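Student: Kindly return the folded structure for what I paste below:
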Amino acid sequence: MKKWYYNIPHAVTMLFGIIVLVTILTYILPAGTYERVMVDGRSRVVPNSYSQGTSSPISLLGMFRAIPLGFKAASDIIFIVLAGSIMFGIMEKSKAVENAVGTLVRKLGLERKYLIVVILTFIFGMLGVAVGYENNIALVPIAALVSIALGGDLILAAGISVGAMTVGFGLSPINPYTVGTGHKIAELSMFSGWEVRTFLCAAALSMMAYYNVRYFKRITSDYKLGLGHGLDEKGLTLSHPIDSYKMNVNSWLVISIFLIGLGVSLFGVFNHGWYINELSAIFLMIAFACGVGSKMSGDTISASLLDSVSKAAPGAFMVGFATTIKVLMDEGQIGDTISFYLADMLQGLPLYASAISMSLSQCVINLFIPSGSGQALATLPVMIPLGEVLGLTRQSTILAFQIGDGVTNLVNPTLGGLIAMLSMCRVPLDRWLRFISPIVVSVLLLSWVVLVLAVMIGY
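Tutor: Residues are numbered from 1 along each chain as shown. Next up, the predicted model:
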């Protein structure tokens, strides 16, 4: 008998089902909004200001019209998927990345392959903790190359990179979008209470590393037991025996260009507020410099570019398709209504049950408001006063919010960054959900245990 997650429908089918569901909800739920005020350049919800307005049900034409509008709204994320694929396509054409990965695996030794998986999981996790989410999209294909070189598959590569970065970012003790925004709303010292969140984040990353190694051992014993069979590995496999790899001058030049470009992008992110469009520009500059540095002809660069775009097109499509859901929520004005009803349901619950239920409500809201900072601004002004009425400290309320938002990012089909990074690994959403669902349940249970302990100690 097949496990339940083998019946998960194709990603396009699943997203279209959510689109239809949201459209139907605009006929069932009343339109409503919270009042918002500008504080330090950000729109902030006014507590207890929810009011219902005129319903805005979406017509059949409006539902399909939302699809191109979704692509328009997600154009920056769509393009960074294309730009990242172009960059790695040209780097792959130069053979520099293959040489670097082959040399690394040769020096570390295949006998340490499980240790390599653990180390890479924590490295990608720490990138999520310290650097951010979409900022790391360019590094995802490296995990694919290493995974396949070690004898793994693209699903393992996604677990090492996408899984670890999502856990690290979602539960980061210094996440500026969720914790930072929450502390500002709650008027707490920025990133205070980091000790509990650091423990939770480290424990969750350890679980992710163990899960990756367990999956790797399973497919090592029998490759057919994995979920990666049939996925396109073209250009991501090593073409020579491990012992034959070494770095030449051209490989060092291309890798140096990539590392310098990565350093410039991180400097811009931390010092000049660069975001997706600036990172896309840097990726294209790296691609051009690598092509010229490798002495490729204009025709070779052009052919590599279009080939890379063709490989990235399905993932880029999924990003725009998923963003359709947000467009429908905004046009139907039901996002605030869902937040209000979920918050209202929490009143009267026992203390520990209210903490876990608050986290669960954020899991649901995250499907409709996938932006961490957007969700914080929309819900915490309501949840923080409610938490105090229920007997929760502000710190515990923010922890409940972070768990609900951060962990469910692993399976959120409306999160553009997740879809974008999976596309860089060439992993379809439905296969990802089959792989990641068990660890999501485990991390959620761990997080709720930590949340209950936090409430017990008055965190």
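Student: among the helices and strands of the protein, which has the poorest mean pLDDT?
Tutor: strand 42-45 (a mean of 62; mean pLDDT, DSSP states H and E).
Student: Surely S359 and F401 touch.
Tutor: Yes. Contact status for S359 versus F401: in contact at 7.4 Å, counting by C-beta atoms under 8 Å. Using the backbone N, CA and C atoms, a C-beta is placed for each residue, glycine as well.
Student: neighbour count winner among those two?
Tutor: F401 (28 against 23; other C-beta atoms under 10 Å).
Student: shaky segments in this structure?
Tutor: 1-8, 39-45, 47, 131, 135, 238-239, 378 (pLDDT under 70).
Student: where exactly do the strands run in it?
Tutor: For the chain, the strands defined by DSSP state E occupy 32-33, 36-39, 42-45, 51-52.
Student: Could you find the closest non-adjacent residue to H240?
Tutor: Closest residue to H240 apart from its sequence neighbours, by C-beta to C-beta, 6 or more residues apart in numbering: G102 at 6.9 Å.
Student: What about that neighbour, how many residues nearby?
Tutor: Here the number of neighbours of G102 (other C-beta under 10 Å) works out to 25.
Student: May I have the residues that are in contact with it?
Tutor: G102 is in contact with 149, 238, 240, 242, 244-245, counting by C-beta atoms under 8 Å, 6 or more residues apart in numbering.
Student: for those, which one is nearest F435?
Tutor: Checking the contacts of G102 against F435 with C-beta to C-beta, the nearest one is A149 at 19.8 Å.
Student: Which neighbouring elements make contact with the longest helix seen in the chain?
Tutor: Secondary structure of the chain per DSSP state H: the longest helix is helix 298-332. Contact here means 3 or more C-beta pairs under 8 Å, 6 or more residues apart in numbering; DSSP states H and E; on that basis helix 298-332 packs against helix 11-28, helix 60-73, helix 75-93, helix 276-293, helix 351-368, helix 416-424.
Student: Of those, which is nearest D222?
Tutor: helix 416-424 (24.4 Å).
Student: Which other helices and strands does that closest one contact?
Tutor: Using 3+ C-beta pairs under 8 Å, 6+ apart, helix 416-424 is in contact with helix 75-93, helix 140-150, helix 298-332, helix 429-456.
Student: switch to 10 Å and redo it
Tutor: Contact here means 3 or more C-beta pairs under 10 Å, 6 or more residues apart in numbering; DSSP states H and E; on that basis helix 416-424 packs against helix 11-28, helix 75-93, helix 140-150, helix 154-158, helix 164-170, helix 276-293, helix 298-332, helix 429-456.
Student: Mind putting the ones you listed into a markdown table with mean neighbour count and distance to M126?
Tutor: Formatted as a markdown table, the helices and strands packed on helix 416-424 follow (neighbours: other C-beta atoms under 10 Å; distance: least, C-beta to C-beta, whole Å):
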| stretch | mean neighbour count | distance to M126 |
| --- | --- | --- |
| helix 11-28 | 16 | 29 |
| helix 75-93 | 24 | 20 |
| helix 140-150 | 25 | 14 |
| helix 154-158 | 28 | 18 |
| helix 164-170 | 29 | 6 |
| helix 276-293 | 20 | 19 |
| helix 298-332 | 20 | 25 |
| helix 429-456 | 19 | 17 |
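Student: got those helices as a markdown table, with distance to L60 columns?
Tutor: Shown next, in a markdown table, are the helices and strands packed on helix 416-424 (distance: least, C-beta to C-beta, whole Å):
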| stretch | distance to L60 |
| --- | --- |
| helix 11-28 | 8 |
| helix 75-93 | 25 |
| helix 140-150 | 37 |
| helix 154-158 | 36 |
| helix 164-170 | 35 |
| helix 276-293 | 32 |
| helix 298-332 | 12 |
| helix 429-456 | 25 |
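Student: quick one: contacts for I276?
Tutor: Counting by C-beta atoms under 10 Å, 6 or more residues apart in numbering, I276 touches 75-80, 83, 134-135, 137, 416-417, 420.
Student: change it to 6 Å
Tutor: I276 makes contact with 76, 80, 134 under the criterion C-beta atoms under 6 Å, 6 or more residues apart in numbering.
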